[in-house]
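> Test case, fold it:
(2 chains)
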Amino acid sequence: MEKNSLEVTNLVKRFGDITAVNGISFSVPVGAVFAFLGPNGAGKTTTIKMLTTLLRPTSGSIRLNGYDPQTQQDKVRSSFGIVFQDPSLDDELTAYENMEFHGVLYAVPKEMRHQRIEELLRFTELWDRRNDLVKGFSGGMKRRLEIARGLLHHPAVLFLDEPTVGLDPQTRNHIWSYIKKLSATEHITVFFTTHYMEEADKVADLVAVVDCGTIVARGTPNQIKEQAHAASLEDAFIALTGRAIRDEEGSGTDAMRIRHRVIHR
Amino acid sequence: MQTLRAIYILWLRQLKRYLRSRARIIGSLGQPLLFLVALGFGFGPIYQKAGGGNYLVFLGPGIIAMGILFTAIFSGIEIIWDKQFGFLKETLVAPISRLTIMTGRTLGGATVALLQGVIVFIMALLIGFRPSAWMLTPWSLAVMLAIAVIFASFGTAIASVLDDLQGFQLIMNFVVMPTFFLSGALFPLTGLPKAIEIVSRLDPLSYGVDALRWTFEGVSYFGIGVDALVLVLLTVVLLGIGSYLFSRTEI
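This is a model prediction of the structure:
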């Protein structure tokens, strides 16, 4: 049994001349809820992509559930579940079919798959809507379905990249209470990013603040507040990362996604 | 075994998406129908006078090939949609290889294109298209499948290189349309100016259309042996290229 679900040492990612992630090191103990905070463009999503085998690091080492994403890709992939920053459901399939698709790709045996899908859809209060097409779902319902899907194959680590962005306070509360319940009942390590500091303060056991590709502070939420002599995590965050607004370079795909979002909302 | 299950569920997804979008099915049948009616009946008398025989019989296989071509390429290009709407990431982080994803998708897209081809065939029959070599006609399914796999892989290859749909129009006008118009789908390849003839010989779809004609009428321009060889080779090569380009996709 591993002591840490995640161990990251000197992780670096360069895109041409730009260094997106510059020597990050941290570890997350099994069962912890870990918040990975930072301004836009700090390197959060790039780090998550490297942890989840979507990008190859330029240098440095990663251990996820004891496995190396570069050499043991499939073992790593079976070990984590992920809720991406952007929706990643198939709108033309029903909630149940989205779950079924995931379960088959992750080789969850049939009996267990059906049982687990029912359990998770009930848990996220989507069981009554299981045969409806996802395109009719609200933002909050889609998020809940994505969380349920990410948990289907019993992952050791659940990644949540800004899981509550664009949701109303009721839904946000709901989602965090699911996540807390989960980490308690399923002993899952949760790794999340958010821009809502009060959420991180309430939910996280451990926090790391990244800026310009490096970690500028690490510890429990209270330790971070003490370190920055701030009353709230938000003040601490601003004290640590400065007041300047960050630019984020987007790819063509991002631009298209944003356009799509504007059109559809 | 797990690989086969993964391929099956990816295939099933493509099929469900197709069967659920009735607008897409009907929409994509409009064009072949228009071509069959307008060109088939419009050029019919001239073709007859020139001694070519029944133009609809000549045109039928060409329009069936067109239906397959467009549907197959479009199904490959759908990967760009999946990139855009994020669903591709869900498959890329799953514990299956890129080759498996590509195979499942391509088979799904090819099946959809094959269905489209069969529907166009039935439509052509209703309009008055009559194959003369009924004994060979079952082989048309194999030819349709080959055309479908070739162009679904080709679509995947394109989608792997493009980041968004900005280049789609370019691909449509400079690759897909010429592939169709220069394939001999609309006119016989005999007696063409040298330049056009060379281009037609380089066009992969020419061999698909020619083989399809053989399965309906028993005669072919290149010879069915050449057609079959070219189609099999192209299937293998394009599956390879598509898989290679898709395996390099990073998000």
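
> where are the low-confidence patches of the stretch 1-150 of chain B?
Residue ranges of the stretch 1-150 of chain B with pLDDT under 70: none are present.

> Who are the contact partners of residue 29?
Since you didn't name a chain, this refers to chain A. By C-beta atoms under 8 Å, 6 or more residues apart in numbering or on different chains, the contact set of residue A:29 is A:3, A:4, A:5, A:189. Glycine gets a C-beta too; all of them are placed from N, C-alpha and C.

> Hmm, no, I was thinking of chain B.
Going by C-beta under 8 Å, 6+ apart, residue B:29 touches B:67, B:116, B:119, B:120, B:123.

> Can I get the residues you listed in CSV including secondary structure?
As requested, those are exported to CSV (DSSP: H, G, I helix; E, B strand; the rest coil):
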residue, secondary structure
B:67, helix
B:116, helix
B:119, helix
B:120, helix
B:123, helix
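
> and stretch A:68-79, how far apart are its ends?
Terminal residues of stretch A:68-79 lie 11 Å apart, using C-alpha to C-alpha, to the nearest Å.

> Contacts made by stretch B:81-93 with the rest, please.
Counting by C-beta under 8 Å, 6+ apart, A:52-54, A:77, A:80, A:82, A:84, A:86-91, A:102, A:105, A:149, A:253, A:256-257, A:260, B:10, B:79, B:98, B:101, B:159, B:163-165, B:249, B:251 sit against stretch B:81-93.

> ah, wrong one, I meant stretch A:177-196
Residues outside stretch A:177-196 that contact it (C-beta under 8 Å, 6+ apart) are A:5-6, A:28-38, A:44-45, A:48, A:51, A:123-124, A:144, A:147, A:151, A:154-165, A:172, A:200, A:203-204.

> Kindly recompute the last result at 6 Å.
If you take C-beta atoms under 6 Å, 6 or more residues apart in numbering or on different chains as the criterion, stretch A:177-196 is touched by A:5, A:28, A:30-36, A:44, A:157-162, A:200.

> How about the residues of the stretch 51-200 of chain A by chain B?
Contact residues (C-beta under 6 Å from any C-beta of the partner chain) of the stretch 51-200 of chain A with chain B: A:52, A:54, A:74, A:77-78, A:84, A:86-88, A:90, A:92, A:101, A:104-105, A:107.

> Mind jotting down where the helices sit in chain A?
In chain A, the helices defined using DSSP state H lie at A:44-51, A:73-79, A:95-105, A:110-123, A:139-151, A:169-185, A:197-203, A:221-227, A:233-241, A:252-264.

> and if you look at the stretch 151-251 of chain B?
Using DSSP state H, counting those that start in this stretch, the helices of the stretch 151-251 of chain B run over B:168-171, B:177-181, B:194-202, B:204-217, B:224-247.

> out of those helices, deepest packed?
Comparing these by mean neighbour count (mean count of other C-beta atoms under 10 Å in any protein chain shown), helix B:204-217 ranks first with a mean of 26.

> Centre of the chain to that helix, how far?
With C-alpha atoms, centre = their mean, to the nearest Å as the basis, helix B:204-217 stands 12 Å off its chain's centre.

> cool, stretch B:218-236 as well?
That offset, for stretch B:218-236, works out to 15 Å (C-alpha atoms, centre = their mean).

> got the residues of the stretch 1-150 of chain B near chain A?
B:2, B:5-6, B:9, B:17, B:20, B:83-84, B:86-87, B:89-90, B:93-96.

> What is the burial count for residue B:72?
The number of residues packed near residue B:72 is 30, by other C-beta atoms under 10 Å in any protein chain shown.

> Which residue, neighbours along the chain excluded, lies closest to residue A:172?
With C-beta to C-beta, 6 or more residues apart in numbering or on different chains as the criterion, residue A:172 has its nearest non-adjacent residue at 4.4 Å, and that residue is residue A:164.

> any idea how far that neighbour is from residue A:19?
Distance of residue A:164 to residue A:19, given as C-beta to C-beta, to the nearest Å: 29 Å.

> More neighbours: which of those two?
Between residue A:164 and residue A:19, counted using other C-beta under 10 Å, the more crowded position is residue A:164 (22 against 16).
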